[in-house]
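Trainee: Sharing a model prediction with you, sequence too.
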Amino acid sequence: MAALNRLRIGETAYSAHRERLTRLVRALARTEGLCVLGAGNCYDLDLPVLVRELGPTALVDIDGQALQGAIGRLPPETARQTSAHGGIDLGGALDRLEDWGDRLPPAAEVEALAEKTAAAVAGSLGRTFDVVLSACVLTQIYVPFQENLVLRPEEWQRLFEALGTVHLAIMAALLRPGGTGVLATDVASSRSAPAAFAAVATDGLPEENARRVAEHLASQAGPFSPDPQALLALGKRPFFADRVERGRLTEPWLWDAEGTQALVYALIFNRPDPEET
């Protein structure tokens, strides 16, 4: 993931995506406190706006150098309310890469890892937040496994579900009761599915183009990676019963980055609040 951060070319390529993510977070906030998972260089968020509206903001990533660079570019008043938390594996399984290549864990083992990892990450940050945003980091969590393992399609699906379980548990553990989680993720790209993106009209509205790409992919049964509907179903599993509620997907949007287009969805959910039941 650190290598991917080094490849990012700057703010210009992220403008439309940044506007969409920033607007989404602002619409969901109810009180103070924002945590961004997979913050990296922070080119995909308007942090001065978000910090002004949500107050103290925690940036979390495995790449601490990228976080420090991001904070160094902020106005002083924004930087003072922004903290960096580097060296955190947001999939919780990098140290299990070789073991999982030999034997994928059963569901009970994955859930035990999710519980342990979520508690450790929440403990290291020392507080909960009104909004926790996973900023298109889920597919980056996949990368070391994709580069090092050779698995059958059904095994890849199980592996991605395991990493998603850990990641979603981390998000839920960082939310205050009633808080909102936003798991934004790219699900396909013009490299992985060129035929779908060939349907994009240069003079079309962005919303129509995103819908056209999504419909083409759905008609061909993918390739979505991850499948947004699978993420929605993941949050409804018994393991998340007291952690995730009111899960829903946004409409998709297109992200133009470094000559590649990606289709992005966001899974939105809430942390149950016992006082509201």
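Mentor: Looks like it arrived, so ask away.
Trainee: and Ile268, what element?
Mentor: Taking DSSP states H and E as the definition, one finds Ile268 inside strand 260-270.
Trainee: Buried residues of that strand, list them for me.
Mentor: With burial defined by 16 or more other C-beta atoms under 10 Å, the residues of strand 260-270 counted as buried are 261-270. C-beta coordinates here come from the backbone N, C-alpha and C atoms, glycine included.
Trainee: Sheet partners, orientation included, of that strand?
Mentor: strand 175-189 (antiparallel), strand 245-249 (antiparallel), strand 253-257 (antiparallel) (DSSP bridges).
Trainee: Dump it to CSV, restricted to CA.
Mentor: What follows is strand 260-270, C-alpha atoms only, in CSV (Å, rounded to 0.1, in the frame of the first residue of the first chain):
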residue,chain,number,x,y,z
THR,A,260,-7.8,4.9,-15.3
GLN,A,261,-11.5,5.1,-14.5
ALA,A,262,-12.9,3.3,-11.6
LEU,A,263,-16.5,2.6,-10.5
VAL,A,264,-17.0,3.4,-6.9
TYR,A,265,-19.8,2.6,-4.4
ALA,A,266,-20.1,3.4,-0.7
LEU,A,267,-21.7,1.1,1.9
ILE,A,268,-23.2,3.3,4.6
PHE,A,269,-24.2,1.9,7.9
ASN,A,270,-24.7,2.9,11.6
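Trainee: returning to what we had before: Ala169: which of the buried residues of strand 260-270 is nearest?
Mentor: Phe269 (12.1 Å; C-beta to C-beta).
Trainee: Could you check how far the nearest residue to that closest one once chain neighbours are set aside is from Val131?
Mentor: Leaving aside its chain neighbours, Phe269 sits nearest to Gly247 (4.4 Å; criterion: C-beta to C-beta, 6 or more residues apart in numbering). Distance of Gly247 to Val131, computed by C-beta to C-beta, to the nearest Å: 15 Å.
Trainee: and what of Gly164?
Mentor: From Gly164 to Val131 the distance is 20 Å (C-beta to C-beta).
Trainee: repeat for Leu163
Mentor: Counting by C-beta to C-beta - Leu163 and Val131 are separated by 22 Å.
Trainee: Show me which of the two is the more surrounded one.
Mentor: Between Leu163 and Val131, counting by other C-beta atoms under 10 Å, Val131 is the more crowded of the two (26 against 23).
Trainee: Wait, that one touches Gly178, no?
Mentor: No. Val131 is beyond contact range of Gly178, at 11.1 Å (criterion: C-beta atoms under 8 Å).
Trainee: what's the following helix or strand after the helix or strand of the chain with the lowest mean pLDDT?
Mentor: Least confident helix or strand of the chain, by mean pLDDT, DSSP states H and E, is helix 2-7 with a mean of 41. Going down the chain from helix 2-7, the next helix or strand is helix 15-28, by DSSP H and E.
Trainee: all strands for this protein, in order.
Mentor: For the chain, the strands defined by DSSP state E cover 34-37, 57-60, 82-85, 129-135, 175-189, 245-249, 253-257, 260-270.
Trainee: and those strands, which is most packed in?
Mentor: strand 34-37 (a mean of 28; mean count of other C-beta atoms under 10 Å).
Trainee: can you give me the mean pLDDT across that one?
Mentor: Mean pLDDT, computed over strand 34-37, is 98.
Trainee: Keeping just the C-alphas, turn it into CSV.
Mentor: In CSV, the C-alpha atoms belonging to strand 34-37 read as follows (Å, rounded to 0.1, in the frame of the first residue of the first chain):
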residue,chain,number,x,y,z
LEU,A,34,-14.0,12.0,11.9
CYS,A,35,-11.7,9.0,11.4
VAL,A,36,-10.3,8.3,7.9
LEU,A,37,-9.0,4.7,7.3
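Trainee: what lines up beside that strand in the sheet?
Mentor: Going by DSSP bridges, the partners of strand 34-37 are strand 57-60 (parallel), strand 129-135 (parallel).
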